[in-house]
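In: After the sequence you'll find the predicted model.
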Amino acid sequence: MSSLYKNNNTYYLSVQLDKKRVTRSLHTNNYEVAKAVKPDFEKKILLELINGDKPKQTPLRELVDLYLKADHDWRPNTLILNKRLLHGYLKNGFPKQPTNKTNNMSKRRFILKITQNYITMWVPLL
């Protein structure tokens, strides 16, 4: 639950989760600006409430294991391919220079998927 209020000509956002409340200044006196930045600040405060003050530093190996164990409704061959690629990245690292544009895009998608999967596993998306 969150609320937006004005105190001494500055807007504040207050977010409560499991009987813990965190209030942050939005550093603006304009209601339209406060309303526009509210979703970003709210997500940041919720992550702070869920994960604590510091975000968890999870090693890539653990993230890969969590990602591969999650239910993606993949076909067996897709799981085999992803395991082979991810374990290869863990063993040898990412390629220094991708051989073509497709490899570079696959690398970016892999990092994005792991990041999104990690967040959705630990933080309920609102």
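Out: Done, it's in. Numbering: from 1, shown residues only.
In: Show me which positions of the helix or strand harbouring Leu66 end up buried.
Out: Using DSSP states H and E, the secondary-structure element containing Leu66 is helix 60-69. Buried residues in helix 60-69, counted by 16 or more other Cβ atoms under 10 Å: Leu63, Val64, Tyr67, Leu68. Quick note: C-beta positions are derived from backbone N, CA and C, even for glycine.
In: Check stretch 68-75 too.
Out: Buried residues in stretch 68-75, counted by 16+ other Cβ under 10 Å: Leu68.
In: okay, it in PDB with CA atoms only?
Out: Output of stretch 68-75 as PDB, limited to C-alpha atoms (Å, rounded to 0.1, in the frame of the first residue of the first chain):
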ATOM      1  CA  LEU A  68      17.200 -23.900 -15.100                       C
ATOM      2  CA  LYS A  69      15.200 -25.400 -12.200                       C
ATOM      3  CA  ALA A  70      12.200 -23.000 -12.700                       C
ATOM      4  CA  ASP A  71       9.200 -24.300 -14.600                       C
ATOM      5  CA  HIS A  72       9.400 -22.700 -18.100                       C
ATOM      6  CA  ASP A  73       7.200 -25.200 -19.800                       C
ATOM      7  CA  TRP A  74      10.100 -25.900 -22.200                       C
ATOM      8  CA  ARG A  75      10.400 -28.900 -24.500                       C
END
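In: pLDDT (mean, whole number) over it?
Out: The average pLDDT for stretch 68-75 rounds to 88.
In: roughly how far out does that stretch sit from the chain middle?
Out: 19 Å (Cα atoms, centre = their mean, to the nearest Å).
In: go on, stretch 4-22?
Out: Counting by Cα atoms, centre = their mean, stretch 4-22 is centred 23 Å from the centre of its parent chain.
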